[in-house]
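Asks: how does the following fold in three dimensions:
(one chain, ligands or ions: 3)
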Amino acid sequence: MQPNKSFQSSLIRKKQAIRMKKDTIGLSKGLSQRITFLEGQLSQAPLPSITSKRRQLCSIEEAWNLPISLEMNSRQQQTAQMLPRQVTKQSPVQGPPPPYPHSQLSQSPIPAKRIKEDGTGHQEVTQNNSQTSAQNLINISESLNQRNFNAMPESNKNSEQSVVDTFDEISNDIYKQNETIKLERLSHDALSNNEDSRYDYIGADSADLSTTFKIQMDSKQLMAAVKLLPIDEPPVHCTVLQVNAPPPSPPDCPPQKLTQDQLLPPTPSVHLENKKNAFSPQLQEFCLKHPIAVVRGLAGALKLDLGLFSTKTLVEANPDHSVEVRTQVHQSPDENWDTSQGKRVWACISHRSHTTIAKYAQYQASSFQDSLKDESDKGFPGSQAMSDSDSKDSVSNSNIVLKRKKHKINSKMLRFGTNVDLSDEKKWKPQLTELQKLPAFARVISAANMLSHVGHVILGMNTVQLYMKVPGSRTPGHQENNNFCSININIGPGDCEWFAVPDAYWGGVHNLCEKNNISYLHGSWWPVLEDLYKENIPVYRFIQKPGDLVWVNAGCVHWVQSIGWCNNIAWNVGPLTARQYSLAIERYEWNKVQAFKSIVPMVHLSWNLARNIKVSDTKLFELIKMCLLQTLKNVLHIQEYVKSKGVEIRFNGRGKNEASHYCGQCEVEVFNVLFIKEQEKRHVVHCLSCALKLSPSLQGIVCLEEYRLSELQRVYDSFTLHRTQGLAYTQ
Ligand SMILES: O=C(O)CCC(=O)C(=O)O
Ligand SMILES: [Fe+2]
Ligand SMILES: [Zn+2]
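Replies: Numbering: from 1, shown residues only. Ligands and ions are numbered 1, 2, ... in the order given. Now for the predicted structure:
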């Protein structure tokens with residue numbers, strides 16, 4: 001357990017707190033059983049086969065507007081029945097968010113980290129969303145038709161074509177360059193018959209060798225090139241960024257000096273009049289091109305029944321459902337004081353406990369009544385309704401500290417009900433069904449949402465979370481897990497106030513946290529606005545009224561407080577854009593540097609994306625292909641190394657919708673080659689690096705393989721840039 005687990009950590013971990021019940025294992029029960037079985041009988045055991053047929057895929061543009069198939073999530077079934085399919089097109093606009101300079105995709109370093117887990121276990125995720133399957137893709141493809149393309153504005157067709165042209169030029173250039181590289185000595189034909197050839201190059205400059213890895217290689221060339229890599233040292237460092245990319249680091253803020261007005265930019269907002277507005281492609285484009293946007297009147301335009309998320313309805317539906325509570329000092333609206341020091345600070349202290357929806361409802365209601373009676377100076381309003389506090393403080397001894405402070409300065413305390421998990425489709429059916437009225441880009445589940453391709457639940461990210469608030473409830477500053485986008489709807493009746501900094505400035509916010517001795521990722525902080533302005537960091541500030549949707553774009557730093565009594569619902573989405581993918585991958589790498597767990601298993605996700613979608617955006621294609629290249633290279637290299645140690649690799653396969661695996665030691669995602677060690681009667685997944693620390697010879701470690709090499713090769717080779725002329729796809 002981390003003694004000083006912060007609110008932010010828990011907030012983002014939220015999602016995990018419940019889903020990672022399992023302990024430190026990282027292995028599902030099913031997998032443990034299979035390992036036991038394998039250990040005893042492997043030699044005779046028939047191996048499961050994962051043969052899959054080639055499938056017909058739809059393009060991203062098509063996918064945007066389609067519900068995910070039935071296999072993917074049963075909820076989607078209802079969507080498909082209820083909603084007409086919209087003919088829209090993904091916005092190609094992903095440029096700099098005006099008016100601030102925005103680092104270009106390829107240059108923008110960084111993401112930040114993510115929470116360290118409480119030392120408790122590893123993913124054991126309820127797998128409601130099923131992994132996409134060949135059949136569901138066929139469903140999607142079958143539901144497409146040429147009318148989609150015909151309905152597209154001429155300008156869109158043209159821009160699509162220009163992307164293809166550009167790729168032609170680029171790829172020709174790359175192939176020309178390849179001719180000058182040392183590919184001759186790596187050619188498959190030259191090497192595949194010569195097992196010993198690897199040794200010819202062991203002494204070669206590894207930087208030279210690494211330049212030979214290009215996304216234009218096919219899997220055979222890749223395998224041949226891997227055989228040239230040295231295996232005297234274990235291949236423990238794998239990046240999914242560019243070959244030889246340096247580890248990411250927080251970026252400098254854009255240098256352009258901002259005026260007073262630019263430091264307080266107007267928030268991009270749009271008012272929806274009707275359903276047609278809500279489903280227009282322009283709305284999605286608008287959201288995608290700004291760091292943050294508020295979509296006003298969304299609930300009204302779509303006739304969403306927000307009453308389904310009112311405290312009254314929630315209590316009637318599931319009174320005993322768990323609510324995490326954060327006890328916080330009530331602060332004046334935009335300030336954060338350490339009253340004991342008499343100054344404004346960044347640290348945002350809170351004490352964590354748990355209660356139920358019914359009890360929080362009682363507190364929320366009595367807090368409201370208290371305010372009517374103007375009894376606001378009584379300390380903990382309604383606190384008698386909130387009894388079952390636990391001892392998991394966000395800051396060591398914060399409970400005591402808070403009590404002492406309260407006594408000394410008579411601070412008012414409040415309780416914020418956070419991270420209420422609404423993932424259970426049986427418990428929350430009417431609520432989840434209602435959200436299917438949203439346009440595809442904002443839906444919890446959609447074929448065009450990367451998080452729907454993870455294939456398993458990530459609580460609070462690809463499922464809905466609820467927040468229950470009294471005035472002053474604060475969600476401290478953060479970026480979303482792996483820089484995914486976030487959707488938040490205020491249910492009301494009160495308002496919320498939002499603060500946000502464009503993602504290009506996150507390095508500046510990071511540095512200010514460090515300056516204030518608070519960890520950007522682990523810590524819990526509420527920025528002092530003057531400090532931001534002094535550093536030339538702009539801040540959006542706006543009110544979210546009931547029925548307003550807030551779109552938080554990838555990487556946008558934000559913090560939120562309630563002004564009145566209200567509930568909010570929120571989840572994450574991942575638009576299939578190069579910008580989203582790039583920011584997610586960069587954060588994934590930064591998380592590794594910071595030894596932070598990436599809640600989104602980006603490698604597992606990337607292989608699923610390659611299986612499930614056709615990509616026509618050159619940049620996105622190259623980024624995903626690079627991830628496949630780097631991970632396939634790493635898998636092959638690890639396998640060569642393991643075999644050289646005389647360790648057998650056993651094929652284990654994967655259970656349907658099995659969650660991705662994380663190292664039980666260092667929490668890095670472990671893809672395809674799992675090193676299993678029995679620890680305290682549990683089978684714990686390790687990465688190669690941690691396995692070697694436990695056992696340098698790998699003795700006592702079982703090495704399991706999740707996918708056949710032929711399957712990975714097939715996926716890698718079939719993942720090509722999709723040319724969209726006429727959206728011609730075969731049935
Ligand atoms: O409503 C809240 O307080 C949580 C806001 C937030 O961080 C989000 O929706 O991403
Ligand atoms: Fe957030
Ligand atoms: Zn590890």
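Asks: mind listing what's buried in the helix or strand where residue 368 lies?
Replies: Per DSSP states H and E: residue 368 is located in helix 357-372. Across helix 357-372, burial judged by 16 or more other CB atoms under 10 Å covers 357-368, 370. (C-beta placed from N, C-alpha, C; glycine too.)
Asks: going by distance to residue 417, which of the residues you listed wins?
Replies: residue 360 (4.3 Å; CB to CB).
Asks: next to ligand 1, which bits of the chain? Give me the list.
Replies: 467, 475, 486, 488, 552, 558, 560, 568, 570 (CB under 6 Å from any ligand atom).
Asks: run the last query once more with 5 Å
Replies: Neighbours of ligand 1 within the chain, by CB under 5 Å from any ligand atom: 467, 475, 486, 488, 560, 568, 570.
Asks: which residues of the stretch 201-350 of the chain score low on pLDDT?
Replies: 201-211 (pLDDT under 70).
Asks: hey, where'd the helices end up in it?
Replies: 206-210, 219-226, 260-263, 275-278, 281-288, 298-302, 311-317 (DSSP state H, counting those that start in this stretch).
Asks: which one of those helices lies nearest to residue 719?
Replies: That would be helix 219-226 among those, by CB to CB, at 10.4 Å.
Asks: how's the chain carved up into domains?
Replies: Domain ranges of the chain: 212-234+601-718, 260-369+411-580, per the TED database.
Asks: any chance of those domains in TSV, plus distance to residue 244?
Replies: Formatted as TSV, the domains of the chain follow (distance: least, CB to CB, whole Å):
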stretch	distance to residue 244
domain 212-234+601-718	9
domain 260-369+411-580	21
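Asks: let's have those in JSON lines, adding distance to ligand 3.
Replies: Compiled in JSON lines, the domains of the chain are given as follows (distance: least, CB to the ion, whole Å):
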{"stretch": "domain 212-234+601-718", "distance to ligand 3": "3"}
{"stretch": "domain 260-369+411-580", "distance to ligand 3": "19"}
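Asks: and residue 683, what are its bridge partners?
Replies: residue 678 (DSSP bridges).
Asks: can you tell me how far it is from residue 654?
Replies: 15 Å (CB to CB, to the nearest Å).
Asks: who's more crowded, these two?
Replies: Neighbour totals were compared for residue 683 and residue 654, and residue 683 leads with 24 against 19 (other CB atoms under 10 Å).
Asks: wait, doesn't that one sit right on residue 676?
Replies: Yes: using CB atoms under 8 Å, residue 683 is in contact with residue 676, at 5.1 Å.
Asks: what is the neighbour count of the closest residue to residue 269 other than its chain neighbours?
Replies: Closest residue to residue 269 apart from its sequence neighbours, by CB to CB, 6 or more residues apart in numbering: residue 294 at 4.4 Å. Counted with other CB under 10 Å, residues neighbouring residue 294 total 24.
Asks: look up how far ligand 1 lies from residue 294.
Replies: 12 Å (CB to the nearest ligand atom, to the nearest Å).
Asks: figure out which of the domains of the chain is closest to residue 252.
Replies: domain 260-369+411-580 (6.0 Å).
Asks: can you pull the buried residues of the host helix or strand of residue 629?
Replies: Per DSSP H and E: residue 629 is located in helix 618-644. By 16+ other CB under 10 Å, the buried positions in helix 618-644 come out as 618-642.
Asks: just the C-alphas of stretch 540-553, formatted as CSV.
Replies: Presented in CSV, the C-alpha positions along stretch 540-553 are these (Å, rounded to 0.1, in the frame of the first residue of the first chain):
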residue,chain,number,x,y,z
TYR,A,540,-9.9,28.1,-20.0
ARG,A,541,-12.5,28.7,-17.3
PHE,A,542,-16.2,28.0,-17.7
ILE,A,543,-19.4,26.9,-16.1
GLN,A,544,-21.0,23.6,-17.0
LYS,A,545,-24.8,23.8,-16.5
PRO,A,546,-27.1,20.8,-16.2
GLY,A,547,-27.5,19.1,-19.6
ASP,A,548,-24.2,20.5,-20.9
LEU,A,549,-21.6,18.1,-22.2
VAL,A,550,-17.9,18.8,-21.7
TRP,A,551,-15.5,17.4,-24.2
VAL,A,552,-12.0,17.1,-22.9
ASN,A,553,-9.6,16.6,-25.8
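Asks: and that stretch, what's buried?
Replies: 540, 542, 544-553.
Asks: quick one, the helix holding residue 629 and helix 219-226 angle?
Replies: Per axes from the mean of the first three to the mean of the last three CA atoms, to 10 degrees, the angle that helix 618-644 makes with helix 219-226 is 50 degrees.
Asks: average pLDDT for helix 618-644, rounded please.
Replies: Averaged over helix 618-644, pLDDT sits at 96.
Asks: just checking, what packs against that helix?
Replies: Packing partners of helix 618-644 (3 or more CB pairs under 8 Å, 6 or more residues apart in numbering; DSSP states H and E): helix 154-180, helix 219-226, helix 578-593, helix 602-612, strand 649-651, strand 673-679, helix 688-694, helix 709-718.
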